[in-house]
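Participant: Mind folding the following:
(2 chains)
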Protein chains: 2
Amino acid sequence: MWDNSVENSRIVIVGAGNLATCLGKALCKVGIRPLAVWSRSEESAVALSSLLQCSAATDIGSLPDADLVVTAVADDALPQVARLVAARYPDALVVHTAGSVPMNVWAEAGARHYGVFYPMQTFSKAKEVDFSRLGIFVEGCSDDHCDRLMRLASLLTPMAYRATSEQRAYLHIAAVFACNFANAMYGMAAELLQGNGLPFEVMLPLIDETAAKLHTLSPDEAQTGPARRGDATIMNRQRAMLSEPHSEVYDIVSRYIRQKAMNIKKD
Amino acid sequence: MWDNSVENSRIVIVGAGNLATCLGKALCKVGIRPLAVWSRSEESAVALSSLLQCSAATDIGSLPDADLVVTAVADDALPQVARLVAARYPDALVVHTAGSVPMNVWAEAGARHYGVFYPMQTFSKAKEVDFSRLGIFVEGCSDDHCDRLMRLASLLTPMAYRATSEQRAYLHIAAVFACNFANAMYGMAAELLQGNGLPFEVMLPLIDETAAKLHTLSPDEAQTGPARRGDATIMNRQRAMLSEPHSEVYDIVSRYIRQKAMNIKKD
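Facilitator: Here you go, the predicted structure:
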């Protein structure tokens, strides 16, 4: 069983994708080297194990004993992998790293000690992720398990939080809006520029400033633009210059901004 | 008339709002102190003039002679102010700073030497704007006037570009998407978090990373998330957790991302 010293815990990582790679490196950085990594693909397992200087396995049954097993695999593979992990590690604390998968995937897989360890960030293998600059959200099947995960998360970042499965589901949706959908707005801007012989690079200072503002202002306070001001002349002119799908997004998001601005004035 | 040395030009700023303030300070920083500023409000004129250490006026007729008059007033005040500026300065180069107003507002106002000097950024009086990190788009009624404005813009930023009125109109729309609409996505994320007892701050690392990615990847390359992957299970689950207006935005933007991803695969 896991003792109280998180630093000395024996950790195994199940998975060798973007998140497993970034998390493994972050653990090594704070002095907690995983014992082993697993991947269905021998090539991926060996690649990550040599990066982390630990052992590799393609068979979950052959993984070494551990106190904590972090399962970072694709959401749709999780239920099946969870069963194998729960069978191999009846006494270890087993956790997954998925925003949208409830904790009870582990109960359904037959695990006894389980939880969730969700680092919220957009991961790409090529780009190093600084764990000290992201939020980690943990959940445990008991207060004790949750405490242990909080201690581990706190070693990696000052932004360690407890979150229920339902809160985590909303966190994931919020991340879809703030990351995926914001990026889609950048994509639409890129299309509008490209169609008019203008380079996307000219947008970067604006995009950086828009993100930077939120460190001192709320999104409501930071909101600017024709819809915020209620400038109907410009909105009609801009709307007339757009076609699908940009025009539809222009209507709906402008209406949202306008409505919000009027509600704030009323307060 | 304006000689070839941009550095020695006599500049007057008409307006004392966010953009006039930031531009005035940026000009001083590169050694070009405006001669005077104008505002309809004496308080605003005096405040900016003391900041820039120049004279103040509330009557355009009483402004000193100048080579270049930068008019930075609200879009809807521009036609009227432009007539007064054109009458006072028949021989100076007169420009406005608005993204969405065509250059010919000056011809209609009776000006002879005119153009546009559009710094693209989201301006707030409280927050200092670094002009060397934003794009400035210029247009002139002749090549010569355009050249002069390019030289002035190049003193302030390495990102100085020529843009026609039509290109500038699309630039402004692109900025609405990349800045105002991206911020609206942050706002929706904030509402979803708030409704579930979670602080908005947890989103900041994700928002910063989403913006930072675009310095090395195109928006298409940077796109991640359930819609990009075509993960129908998560999308249906998330959709069911949302109500208006978030659900409508979720549908439309997800469809856009999905469509885009399938087109890229086909290429």
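
Participant: how much space between the residue nearest to residue A:52 when sequence neighbours are not counted and chain B?
Facilitator: Leaving out its chain neighbours, the residue that sits closest to residue A:52 by C-beta to C-beta, 6 or more residues apart in numbering or on different chains is residue A:24, at 4.7 Å. Backbone N, C-alpha and C define where each C-beta goes, glycine included. For residue A:24, the distance to chain B under the criterion C-beta to the nearest C-beta, to the nearest Å works out to 19 Å.

Participant: can you give me the mean pLDDT across the one helix or strand residue A:24 maps to?
Facilitator: Secondary-structure element containing residue A:24, defined by DSSP states H and E: helix A:18-29. Helix A:18-29 shows an average pLDDT of 93 in the prediction.

Participant: Packing partners of that helix?
Facilitator: Judged by 3 or more C-beta pairs under 8 Å, 6 or more residues apart in numbering or on different chains; DSSP states H and E, helix A:18-29 is in contact with strand A:11-14, helix A:42-52, strand A:114-120.

Participant: which one of the ones you listed is the most hemmed in?
Facilitator: Mean neighbour counts were compared across the helices and strands packed on helix A:18-29 using mean count of other C-beta atoms under 10 Å in any protein chain shown; the top stretch is strand A:11-14, at a mean of 28.

Participant: Quick one: distance of that strand to the chain centre.
Facilitator: The chain centre lies 19 Å from the centre of strand A:11-14; the measure is C-alpha atoms, centre = their mean, to the nearest Å.

Participant: cool, and stretch A:257-267?
Facilitator: How far stretch A:257-267 lies from its chain's middle: 31 Å, per C-alpha atoms, centre = their mean.

Participant: mean confidence for stretch A:256-267?
Facilitator: 85.

Participant: my bad, should have said stretch A:188-196
Facilitator: Taken as a whole, stretch A:188-196 has a mean pLDDT of 96.

Participant: is that stretch anywhere near chain B?
Facilitator: Yes - for stretch A:188-196 and chain B, the contact criterion (C-beta under 8 Å from any C-beta of the partner chain) is met by A:188-190, A:192-193, A:195-196.

Participant: By neighbour count, which of these wins?
Facilitator: Neighbour counts for the residues of stretch A:188-196 next to chain B peak at residue A:189, which has 28 neighbours (criterion: other C-beta atoms under 10 Å in any protein chain shown).

Participant: quick one: contacts for it?
Facilitator: Neighbour list for residue A:189: A:200, A:203, B:174-175, B:177-178, B:219 [criterion: C-beta atoms under 8 Å, 6 or more residues apart in numbering or on different chains].

Participant: tell me which of those residues is nearest to residue A:256?
Facilitator: Ranking the contacts of residue A:189 by separation from residue A:256, with C-beta to C-beta as the measure, puts residue B:177 on top at 13.7 Å.

Participant: Quick check, that closest one in contact with residue A:193.
Facilitator: No - with contact defined as C-beta atoms under 8 Å, residue B:177 does not reach residue A:193; the gap is 9.8 Å.

Participant: Leaving out sequence neighbours, find the closest residue to the residue lying farthest from the centre of chain A.
Facilitator: Going by C-alpha atoms, centre = their mean, the residue of chain A most distant from its centre is residue A:233, 40.2 Å out. Counting by C-beta to C-beta, 6+ apart, residue B:76 is the residue found nearest to residue A:233 once chain neighbours are left out, at 6.9 Å.

Participant: What count of nearby residues applies to the one you found?
Facilitator: As a measure of burial, residue B:76 has 12 neighbours, counting by other C-beta under 10 Å.

Participant: Can you pull the residues of the stretch 1-150 of chain A lying near chain B?
Facilitator: On the criterion C-beta under 8 Å from any C-beta, chain B has as its neighbours in the stretch 1-150 of chain A the residues A:75-76, A:100, A:120-122, A:124, A:127, A:129, A:133-135, A:137.

Participant: from these, which single one is nearest residue A:61?
Facilitator: For these, the closest approach to residue A:61 (C-beta to C-beta) belongs to residue A:76, at 22.2 Å.

Participant: distance of that closest one from residue B:234?
Facilitator: Using C-beta to C-beta, to the nearest Å, one obtains 9 Å as the distance from residue A:76 to residue B:234.

Participant: Equivalent analysis for residue A:226, please.
Facilitator: Using C-beta to C-beta, which is the criterion applied here, residue A:226 is 34 Å from residue B:234.

Participant: hmm, back to that, other SSEs contacting the helix or strand that comes right after the helix holding residue A:24?
Facilitator: In the C-terminal direction, the helix or strand that comes right after helix A:18-29 (DSSP H and E) is strand A:36-38. The helices and strands touching strand A:36-38, judged by 3+ C-beta pairs under 8 Å, 6+ apart, are strand A:11-14, helix A:42-52, strand A:55-57.
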